[in-house]
Structure formats: structure tokens, C-alpha cells
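Visitor: Just a sequence and a predicted model for now, questions to come.
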Amino acid sequence: MNGLQGFGTMVRLVLRRDRMALPVWIVILAGFVNAAASTSSTSYPTAADRADFADGIRGNPAMAAIYGPLFDDSVGGLTSWRVGVAGALLFGVFSILTVVKHTRREEESGRTELLRSGVVGRHAPLTAALTVTLGAHLLVAVLIAAGLAGQGLPVAGAIALAVTLGGIGAVLAGVAAVTAQLSTTARGATMSAIVVFALMVLLRTAGDTAGADGTSSWLLWLTPLGWAEHIRPFAGDHWWVLGLVVALVLALVAAAFAVSGRRDLGSGVFHDRPGPAKAGPQLQGPLALAWRLQRGTLGATVAGCVLVGLLMGTVADSVGHVVGSSAGFAEMLDRLHAANAGDALMQLLIYALAEVVTAYAILIALRLREEETEGRAAPLLVAGASRMRWAASHLLFVALAPGLCLVALGLAAGVGYGLASGDIGVVPAMTWSAVEKLPALWVFATFAVALFGLVPRVAVPVSWAVFGIGLLIEMAWETGAIDHHLFALSPFAHVYPGDSVGISALAGLTAVAVVFVGTGLAGLRHRDLT
């Protein structure tokens, strides 16, 4: 049989299944970049305003570590800087979720086997998933380029920025295509791709931190996110760097097809270990099942937090010594109420990584929807487990797993920073700086729970859309596009570094999370399962 037989049918199936989620993602991705350009233009209307802002950013390595360097103070240059990291996150998450959903998850559920028993070739599902994902990135790139050009920005720079962001999405689609062949589960494929993405971000951050003196670090050439910086949209438009992106995408796609052609349907390169013939008492009940489903991801995430925290803490002290006397950092020390530049940098980095943990918390919450749609919830309920008991087994991880990750992050960051600075007494403060972000994480995760109970069909896209909007609001506030009253609409605003995070704010966020959980459970109690 032709390996691509039934390709058109598979494309239509993917589009049919994503008829609600795909338009939402396209609007978010294109709207995010065009909105950033609009706010840059209105917030800094004159060249002098933009030059003053750029001077402050260039004198602030903490902002470079988080957002990357600012190469040009034009409206286009500011837009490219503002959307670089957040855009990469949004484009990458979309690619990973979409490709894994229509490849490994379809195999895991048994639907691919049914399709393959007819007239669907071996490579048709993977080709269809990649075609739709890359086609969506192409459409988004066109919308971005047209929107930026329509706002009066240079056409070449608009195309360069659009293609850069689409290229990052294409790279992550290739990564997800490979991990979908390696793992036997959708969860494993997703987390493996996220780990690769996190390593890309870590290398980019390390490269920009090492280049805090204005030089370019060789570390940036080890990650596609560093290549994106070297393209420099609106600041030179180095088109040749896109050749590296294209070459990597082709290599990843070729590797995915090569592995797909050599493995058995439903299996992966890394096989699951066989379980015991008879389950012991510790493996009985919904909570035991939830633990089995979550433990691998939880362990990997905690280990990642420890590793990143140690590296971050080790680097922060040396960078703080380099930039501590700059005027830009002096202003930041004031705003963050930090004792020195290293402390200020640590607060910002912990805050940024807590936002990454928020994405993990949302994934945990949405596991309820996955268990329902994949048919694993129904047997538990038929066997006698109540809906509330089943949901509570996953909600326990929503409550505790992000907290464990934040504790690991804060402890590791504090130890790394304390050893580098010679003051190990900072560990409790750094740990609390991470843990106090937990109620804000709960709000985003439990909002997904509320959607799952009330309107489950839109729970996944809307949950991620709200998270993306929260990041956009924060970015707009940090760059002066909106005032603090609008920023206060985001849970992140109430745990932002430097602000006085009181017990009342944390209690208020926790109360909102409790309301969301109650709403979701009430909806689940009264609706039919999918």
C-alpha cells in the first residue's frame, strides 16, 4: 500500500476534529504579535521615547536574560523584542499539542489502527498532522506580516518576524513528531517535547546572560531560539540564518518518518516496562491510577526545576556583579526592593520560571478531560468509583504537584545562588519567593477545571488562551503599554516581584481557585460524560 494513501482524508479528519481549537489558536497567535506592535506604537510614539526605553533595556541584563536583547529602537524592533520569548512559547505549545494529539494520541486510543485497517497508509496520519500544523503556522505568518505591514512597519522586517516565529513553531512540530515516535504514550511524547523545548530556552537564557556585556555568546548557536535572535527582524533581517531553521525542520521530519516506517503500530522506540501480573493493594482505586499517570511527568518536572534552579542561581551572582552599578539596574533595585543586583535578577528569573510551572499545572488539570475523551474514565465510574472521587484524585495533583515544583525550584535556586555569593542564608527567602507564586498558578489551573465541568469541549483551547492572555497583559504592563489597574486583571499581577505580596492577596487568589474547583465539580456532577 502507498504510505500516503488516504492523506487527503486524514487532513480533513484533523481539520474536522480541530474545527474549534484551530481558529482559536490562529487568532491568538496572530493577534498576539499584531497587538504587541500596536501597543509599542501607542506607548512610545516618538523616536525619543523609544530611544529612552531602549537605553533602559540595554542597561538591564535581567530583561535581556528574560526577553532577549533589544537590537533596534524602532517600533518594529520593540515589537520583535517584546514577542520573541512569549511568541516562541505560544507557537511551540501549539505545535507540540497539535502534532502529538493527531499522532501518538490517536494511536494510543486505537483510532489509528481502525483507520489503517482500511485504506490509510502508514505515513498518512503523521503527514496530515504535520501538514495541518505547518499550514496553520504559514497562515499565521501571513496574517502577522500583513498586520504589521498594515500598521506601517517595514515589509521586509514584518515578513522576517513572521517567518521567524513560524520557523520556531515548525521546529517544535518536528520535535513533537519525533517524540511521538519514541514514546508509547501521548503524555510521554508531550513531556519529552516540552523538555527539549525547555532545554532550548535554557540555552538561550544562558547565552543572553553570558552576553550581558553586549557580545554574542556561542551558546546562542546551539539553540533554534538563539538562531531566531540572530535573524534580527527590523534590525538587519539576516535571512541566511533561516537556512539553519529549514535544515533542522527537514532533519527532524525525516527522522520522524524514518522511525515511523520501522516501528510497529502502537509501539514506540522506548517500550514500557511490563507490569506485575496482579495489582497490589497500593495500585487500587482512582488515586492510585492518578499517581501512576502523573508520577513520571512530576518527577521529570521536579528534576528540571532543580537543574534550572541550580544553574540560574550560579549565574545570577556573577551577572549581578557585572551590572550592579548600571543606572538601569539601580532603578530596578528600587522597584523590586532588592538588596543587590543578584537578588533582583533571582526574583525576576524565579517569577519567569513560575510561569512555566503554570503551564505544567494547566496540563495536570486538563488530564481530566483527556481521561474522559480517551475512554479511561468510564470504566472507573462503571466499576463503582464516584465522579467526585475520580475528579478529586486528579485535583489532588493540581493542588500539590505545582507546589512541589516551586519548592524544588526555590530551594535549588537559593542553594546555587547562596554557594555562588557566599551567603547560604538566602535559601529560605528564595524558596518563599517561589512558593508565594502558587495561588496564582492555582487560579489558571482551576479555571481549566471549571471549564472541564461546564463546557468540556472548549476546555483545552480556552484554558491555553486565557494563559496566553495573562502573559500578554503582563508584557504590556512591563513595557508601559497599560497601567497597573489593567495588569491587576491577571493573577500574575498579585505575585509580581517587588510588590508587597500579602496574606490577603494570596488568600484572595486561593479563594478564587476554590470557587473555580467548586464550579467545575458542580458542572461535572450534572452533565453527561463525552
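Guide: Cool, the structure landed. Residues are numbered from 1 along each chain as shown.

Visitor: Lowest-scoring secondary structure element of this protein by mean pLDDT?
Guide: Evaluated with mean pLDDT, DSSP states H and E, the helix-and-strand set of the chain has its lowest mean pLDDT in helix 327-336, which scores a mean of 54.

Visitor: ok, then the element right after it?
Guide: Proceeding C-terminally, helix 327-336 gives way to helix 341-373 as the next helix or strand, assigned by DSSP states H and E.

Visitor: So for Arg122, what's the pLDDT?
Guide: Reported pLDDT at Arg122 in the predicted model: 84.

Visitor: Could you pull up the residues touching it?
Guide: When contacts are counted by C-beta atoms under 8 Å, 6 or more residues apart in numbering, Arg122 is found next to 1, 3, 116, 260-261. (Glycine included, C-beta is placed from N, CA and C.)

Visitor: Show me which of the residues you listed are buried.
Guide: When burial is judged by neighbour count using 16 or more other C-beta atoms under 10 Å, the buried members of these are 3, 116, 260.

Visitor: Can you tell me how far the first one is from Gly410?
Guide: The spacing between Gly3 and Gly410, counted by C-beta to C-beta, to the nearest Å, is 50 Å.

Visitor: give me the element the spatially most central residue of the chain is part of.
Guide: For the chain, the residue lying nearest the average C-alpha position, counting by C-alpha atoms, centre = their mean, turns out to be Leu89 (4.7 Å). Using DSSP H and E, Leu89 maps to helix 75-101.

Visitor: What are the buried residues along that helix?
Guide: Using 16+ other C-beta under 10 Å as the burial criterion, the residues of helix 75-101 that qualify are 75-101.

Visitor: Then stretch 142-160?
Guide: Applying a neighbour-count criterion of 16+ other C-beta under 10 Å, one finds 143-149, 151, 153-154, 157-160 buried in stretch 142-160.

Visitor: Send me that stretch as PDB with only the CA atoms.
Guide: C-alpha atoms of stretch 142-160 as PDB (Å, rounded to 0.1, in the frame of the first residue of the first chain):
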ATOM      1  CA  VAL A 142       0.800  35.700   6.500                       C
ATOM      2  CA  LEU A 143      -1.600  37.300   9.000                       C
ATOM      3  CA  ILE A 144       1.200  38.700  11.100                       C
ATOM      4  CA  ALA A 145       3.200  40.000   8.100                       C
ATOM      5  CA  ALA A 146       0.000  41.600   6.600                       C
ATOM      6  CA  GLY A 147      -1.000  43.100  10.000                       C
ATOM      7  CA  LEU A 148       2.400  44.600  10.800                       C
ATOM      8  CA  ALA A 149       2.800  46.000   7.200                       C
ATOM      9  CA  GLY A 150      -0.700  47.400   7.600                       C
ATOM     10  CA  GLN A 151       0.400  49.300  10.700                       C
ATOM     11  CA  GLY A 152       3.200  51.000   8.600                       C
ATOM     12  CA  LEU A 153       6.100  48.800   9.600                       C
ATOM     13  CA  PRO A 154       8.700  47.800   7.000                       C
ATOM     14  CA  VAL A 155       7.500  44.900   4.900                       C
ATOM     15  CA  ALA A 156      10.900  43.100   5.000                       C
ATOM     16  CA  GLY A 157      11.000  43.200   8.800                       C
ATOM     17  CA  ALA A 158       7.400  42.200   9.100                       C
ATOM     18  CA  ILE A 159       8.000  39.100   6.900                       C
ATOM     19  CA  ALA A 160      11.200  38.300   8.800                       C
END
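
Visitor: Who are the packing partners of the host helix or strand of Ala48?
Guide: When secondary structure is defined by DSSP H and E, Ala48 falls within helix 47-58. For helix 47-58, the packing partners by 3 or more C-beta pairs under 8 Å, 6 or more residues apart in numbering; DSSP states H and E come out as helix 61-67, helix 75-101, helix 327-336.

Visitor: Go through the ones you listed and find the least confident stretch.
Guide: Out of these, helix 327-336 stands lowest, with a mean of 54 (criterion: mean pLDDT).

Visitor: ok, which stretches of this protein are strands?
Guide: Under the criterion DSSP state E, the chain contains no strands.

Visitor: Scan it for its longest helix.
Guide: Counting residues, the longest helix found in the chain (DSSP state H) is helix 286-323.

Visitor: between it and helix 341-373, how many degrees?
Guide: For helix 286-323 and helix 341-373, the angle between their directions (axes from the mean of the first three to the mean of the last three C-alpha atoms, to 10 degrees) works out to 160 degrees.

Visitor: still on that earlier bit, from the contacts of Arg122, which ones fall inside helices?
Guide: In helices, judged by DSSP H, the following of the contacts of Arg122 are found: 116, 260.

Visitor: can you tell me which two in the contacts of Arg122 are farthest apart?
Guide: Met1 and Ser260 (14.4 Å; C-beta to C-beta).

Visitor: who's in contact with the residue nearest to the residue nearest to the centre of the chain when sequence neighbours are not counted?
Guide: If the residues on either side of it in the chain are set aside, Leu89 comes closest to Leu471, at 7.4 Å by C-beta to C-beta, 6 or more residues apart in numbering. Applying C-beta under 8 Å, 6+ apart to Leu471 gives the contacts 86, 89-90, 355.

Visitor: same check, this time on Ile168
Guide: Applying C-beta under 8 Å, 6+ apart, the residues near Ile168 are 87-88, 91-92, 224-225, 228, 245.

Visitor: rewinding a little: and the angle for the helix holding Leu89 with helix 47-58?
Guide: What separates the directions of helix 75-101 and helix 47-58 is an angle of 50 degrees, with the same axes, to 10 degrees.

Visitor: Now the phi/psi pair for Gly68, please.
Guide: Gly68 adopts backbone torsions of phi 90, psi 170, taken as degrees, to the nearest 10.

Visitor: what residue ranges in the stretch 351-500 of the chain are flagged as low confidence?
Guide: Across the stretch 351-500 of the chain, residues meeting the criterion (pLDDT under 70) sit at 479-481, 498-500.

Visitor: pLDDT below threshold where in the stretch 201-350 of the chain?
Guide: Residues of the stretch 201-350 of the chain that meet the criterion pLDDT under 70 lie in 209-217, 266, 268-283, 315-342.

Visitor: Try it again at 80.
Guide: Screening the stretch 201-350 of the chain residue by residue with the criterion pLDDT under 80, one finds the ranges 202, 205-219, 264-285, 296, 311-349.

Visitor: again, but for the stretch 1-150 of the chain
Guide: With pLDDT under 80 as the threshold, the stretch 1-150 of the chain has low-confidence stretches at 1-3, 39-45, 49-50, 52-70, 109-110, 116-119.

Visitor: can you do 90?
Guide: 1-9, 17-90, 93, 97, 104-125 (pLDDT under 90).

Visitor: Gly375: what's it in contact with?
Guide: For Gly375, the contacting residues are Ser109, by C-beta under 8 Å, 6+ apart.

Visitor: what about it, distance to Arg527?
Guide: Distance from Gly375 to Arg527, counting by C-beta to C-beta: 17 Å.

Visitor: And stretch 35-48, what's buried?
Guide: Of the residues in stretch 35-48, 35-41, 43-44 count as buried by neighbour count, 16+ other C-beta under 10 Å.

Visitor: give the contact list for Val455.
Guide: Applying C-beta under 8 Å, 6+ apart to Val455 gives the contacts Val462.
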